[in-house]
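[1] only geometry, no sequence info:
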């Protein structure tokens, strides 16, 4: 085998590419170390902390990472107990949150305490689906219309072709089928079980498109035409939903609002209206909420979700109402792609964090989804309470956020 210094020299000269190192070493860990040392030589930096990790990099390289040099570390805190009255999550849960933002875990924890003392959050999964929308180019708008009709009239054949690639995915519908000029954007909508399902629906849609092209001569420009809409904020996902569509709600007695949040139901209602509705409207925001991304991001990083889907999970609407003197508070999250097996959930740290909530593995994704929604409710409630009480800056100052 080529020795370490020779490999580093060949990398520097361009004789060996980063992804080829494993061909010249006896093990994956050795290749990871050499790749890291090469980065140290060309960047004049020390990667001592990146080099310390407990992940099985050989397993990670099969599906999760290319050209690895180590792993980063993000602090993980715990919020809870959080009482949830769901169809799949019933009881009290502790939630792992990975973040470097001081005050976030403390804020969510305060929301958890308020919710639990008020009897727990009611959570429901409104819808569950994953989408893929290719773009097809026709010769004219007339031909695009013919293709649209063919898709609508041959749904069963397309469904059979798509489902032939998976034992878990089911094609539910192809809707909407959007026409722009001579471009056609059919949105394939699937159920995907416990998997987040993007890879699954991509492969299934490719199979369906092969049938479409064979039967009609349709010219597929790209397997994804952005009407999916994947990893981007979009009104379509806000309305139609994608991933898990979730609602979590709580009625908090006015005494608890005063005791735990140091404010009143009327004040929280006013802050929500002025900030989340009017402020979001005038800024053209697609998320009528205060901080969904904080909780979604922290949970996603802790549990091995696709972090790019944080942008989708941050969409949603918060409502706050004075209900006979008490506070009715809810969060609606229309677009939260989640998984409890496969993808990043197979990494050791992600598996452990999911196991804290008894949410790892097959049959657990709906339970996990309800916990996620309740956690967003807790964080959103706490922040609006802090804003209503005028405590936001003090909390960040006291907890060391610069």
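    Happy to help now that I have it. Because the structure is predicted, anything quoted here is derived from the model rather than measured.

[2] now residue 331: how far from residue 273?
    15 Å (Cβ to Cβ, to the nearest Å). To be clear about C-beta, it is placed using only N, CA and C from the backbone, and glycine gets the same treatment.

[3] neighbour count: those two, which is higher?
    Neighbours per residue, other Cβ atoms under 10 Å: of residue 331 and residue 273, the larger number sits with residue 331, 28 against 14.

[4] who does the more buried one bridge with?
    residue 248, residue 318 (DSSP bridges).

[5] pull the number of nearby residues for residue 123.
    Neighbours of residue 123 (other Cβ under 10 Å): 26.

[6] doesn't it lie inside a helix?
    No: counting by DSSP: H, G, I helix; E, B strand; the rest coil, residue 123 is not part of a helix but strand.

[7] that one against residue 372, yeah?
    No: Residue 123 lies out of contact with residue 372 (Cβ atoms under 8 Å); the separation is 9.1 Å.

[8] what's the overlap in contacts for those two?
    Residues within reach of residue 123 and of residue 372 at once, by Cβ atoms under 8 Å, 6 or more residues apart in numbering, are residue 246.

[9] what's the nearest residue to residue 206 if we skip its chain neighbours?
    residue 223 (5.9 Å; Cβ to Cβ, 6 or more residues apart in numbering).

[10] residues contacting residue 227?
    Contacts of residue 227 by Cβ under 8 Å, 6+ apart are 133, 135, 176, 178, 185, 187, 236.

[11] does the fifth one count as helix, strand or coil?
    The reference is to residue 185. Under three-state DSSP, residue 185 comes out as strand.

[12] measure it to residue 335 for me?
    For residue 185, the distance to residue 335 - Cβ to Cβ - is 18 Å.

[13] and the helices in the stretch 1-150 of the chain?
    For the stretch 1-150 of the chain, the helices defined by DSSP state H, counting those that start in this stretch occupy 4-13, 28-43, 57-63, 104-117, 141-153.

[14] looking at the ones you listed, which is closest to residue 351?
    Smallest distance to residue 351 across these (Cβ to Cβ): 11.3 Å, for helix 57-63.

[15] and the strands in the stretch 201-350 of the chain, which stretches?
    219-222, 242-252, 287-288, 316-323, 326-336 (DSSP state E, counting those that start in this stretch).

[16] can you redo the ones you listed as JSON lines with distance to residue 297 and mean pLDDT?
    Putting the strands of the stretch 201-350 of the chain into JSON lines (distance: least, Cβ to Cβ, whole Å; pLDDT from 0 to 100) gives the following:
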{"stretch": "strand 219-222", "distance to residue 297": "29", "mean pLDDT": "98"}
{"stretch": "strand 242-252", "distance to residue 297": "15", "mean pLDDT": "98"}
{"stretch": "strand 287-288", "distance to residue 297": "13", "mean pLDDT": "94"}
{"stretch": "strand 316-323", "distance to residue 297": "14", "mean pLDDT": "98"}
{"stretch": "strand 326-336", "distance to residue 297": "12", "mean pLDDT": "98"}
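
[17] with distance to residue 114 as extra columns, can I get those in a markdown table?
    Formatted as a markdown table, the strands of the stretch 201-350 of the chain follow (distance: least, Cβ to Cβ, whole Å):
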| stretch | distance to residue 114 |
| --- | --- |
| strand 219-222 | 47 |
| strand 242-252 | 6 |
| strand 287-288 | 22 |
| strand 316-323 | 13 |
| strand 326-336 | 9 |
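
[18] from the contacts of residue 227, which is closest to residue 105?
    The closest of the contacts of residue 227, once distances to residue 105 are taken by Cβ to Cβ, is residue 236, at 33.1 Å.

[19] surely that closest one and residue 189 touch.
    No: Residue 236 lies out of contact with residue 189 (Cβ under 8 Å); the separation is 11.7 Å.

[20] out of the two, which sits in the more crowded spot?
    Legend: neighbour count by other Cβ under 10 Å for residue 236 and residue 189, higher for residue 189 (22 against 19).

[21] quick check: that one touching residue 177?
    No: contact criterion Cβ under 8 Å: residue 189 and residue 177 do not qualify, at 11.4 Å.

[22] would you agree residue 98 is in contact with residue 304?
    No: using Cβ under 8 Å, residue 98 is not in contact with residue 304; the gap is 10.1 Å.
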